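[1] have a look at this prediction, sequence included:
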Amino acid sequence: MLSIDVAVLLGVIVVLRLRRRTEARSRRDERMTVLIVLALGIVLAPTELGRGFADVLGQLVNGVSRAGQ
């Protein structure tokens, strides 16, 4: 039995959609890409990978805000 992780499948779809040329996209196509990316974010958010990514981004933001002071 073959099992495909939804996050991996959405990630592959996002990469394939973003590789296309920007000029060839319609507004509908761009909206669909945004919806797929949002779905990927929702799927990743409660996982360890999502939490780790959020921690790294939080540290980056704190470092940038401290450098600006």
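    Perfect, thanks for sending it.
[2] what's the local residue count around residue 10?
    19 (other C-beta atoms under 10 Å). Using the backbone N, CA and C atoms, a C-beta is placed for each residue, glycine as well.
[3] what average pLDDT does the helix or strand harbouring residue 12 get?
    Applying DSSP states H and E as the criterion places residue 12 in helix 6-18. The pLDDT scores in helix 6-18 average 82.
[4] in the following helix or strand past that helix, what's buried?
    Using DSSP H and E, the helix or strand that directly follows helix 6-18 along the chain is helix 27-44. Judged by neighbour count (16 or more other C-beta atoms under 10 Å), helix 27-44 contains these buried residues: 33, 36, 37, 40, 43, 44.
[5] make TSV from those residues and add distance to residue 25 and pLDDT to it.
    Shown next, in TSV, are the buried residues of helix 27-44 (distance: C-beta to C-beta, whole Å; pLDDT from 0 to 100):
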residue	distance to residue 25	pLDDT
33	8	82
36	13	84
37	14	86
40	18	80
43	23	76
44	24	75
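[6] got those as a markdown table, with distance to residue 69 columns?
    Formatted as a markdown table, the buried residues of helix 27-44 follow (distance: C-beta to C-beta, whole Å):
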| residue | distance to residue 69 |
| --- | --- |
| 33 | 37 |
| 36 | 38 |
| 37 | 32 |
| 40 | 34 |
| 43 | 36 |
| 44 | 31 |
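[7] closest one of the residues you listed to residue 6?
    residue 43 (5.6 Å; C-beta to C-beta).
[8] now the closest one: closest residue in space that isn't a chain neighbour?
    residue 7 (4.7 Å; C-beta to C-beta, 6 or more residues apart in numbering).
[9] OK, contacts around that neighbour?
    For residue 7, the contact set (C-beta atoms under 8 Å, 6 or more residues apart in numbering) comprises 40, 43, 44, 47, 49.
[10] what's the single longest helix in the chain?
    If you go by DSSP state H, the chain has its longest helix at helix 48-67.
[11] angle of that helix against helix 6-18?
    On the basis of axes from the mean of the first three to the mean of the last three C-alpha atoms, to 10 degrees, helix 48-67 is oriented at 60 degrees to helix 6-18.
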